[in-house]
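1. Show me the folded form of this:
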Amino acid sequence: MYDIAVIGDRDSVGGFAALGMHVVPAESADEVRSALQRMAQGSFAVIYITEAAAAFAEDLIDKYRDEPLPAIIPIPGVRGNTGAGMRSVSRSVEKAVGSDILSK
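-> Numbers count the residues shown, from 1 in each chain. This is a model prediction of the structure:
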């Protein structure tokens, strides 16, 4: 059975524990990268990562983008939405469909 993890600053990810997700508080680049590598090589099918944390590990996220598992999904944190999550989804859709169908 696969698990779901959430990586990001403590304020943004703390509430996900109540949903049964594996919560990994990480705020520095080293903490984020280490947590992402550990989770990606574990039994996690989905890894949510705050947009701020994802900025520290864009190369790692790109590395796993072509893999079937885990799905790494950027989400907004408590400090707001940077638009990185939507850009990531848009890139994935464009790759799958061959056209950017999400742009206005």
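2. Low-confidence stretches in the protein?
-> 80-96, 101-104 (pLDDT under 70).
3. For it, which segments are assigned as helices?
-> With helices called from DSSP state H, the chain shows them at 10-13, 29-40, 51-54, 58-65, 84-97.
4. so what's the backbone phi/psi at Y2?
-> Main-chain dihedrals, Y2, degrees, to the nearest 10: phi -90, psi 160.
5. my read: it touches L69, true?
-> Yes: under the criterion of CB atoms under 8 Å, Y2 makes contact with L69 at 7.4 Å. Where C-beta positions appear, they are placed from N, C-alpha and C, glycine not excepted.
6. Find the residues that touch each one of the two.
-> The contact sets of Y2 and L69 overlap at 44-45 (CB atoms under 8 Å, 6 or more residues apart in numbering).
7. So if I had to pick from the two, which one is more boxed in?
-> Of the pair Y2 and L69, L69 is the one with more neighbours under other CB atoms under 10 Å, namely 13 against 10.
8. Spit out the contact partners of the more buried one.
-> 2, 44-45.
9. How about S34: what's its closest non-neighbour residue?
-> A26 (7.7 Å; CB to CB, 6 or more residues apart in numbering).
10. Report how many residues lie close to the one you found.
-> Using other CB under 10 Å, A26 has 22 neighbouring residues.
11. now do S99
-> 9.
12. List the buried residues for stretch 15-22?
-> Buried residues in stretch 15-22, counting neighbours by 16 or more other CB atoms under 10 Å, are found at 16, 21-22.
13. G8 touches I49, doesn't it?
-> Yes: G8 is in contact with I49 according to CB under 8 Å; the separation is 6.1 Å.
14. would TSV of the contacts of L69 with distance to V78 be doable?
-> As requested, these are arranged in TSV below (distance: CB to CB, whole Å):
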residue	distance to V78
Y2	27
F44	22
A45	25
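15. Name all residues that make contact with the residue nearest to S34.
-> Counted by CB under 8 Å, 6+ apart, A26 has contacts 7-9, 32, 34-35, 53.
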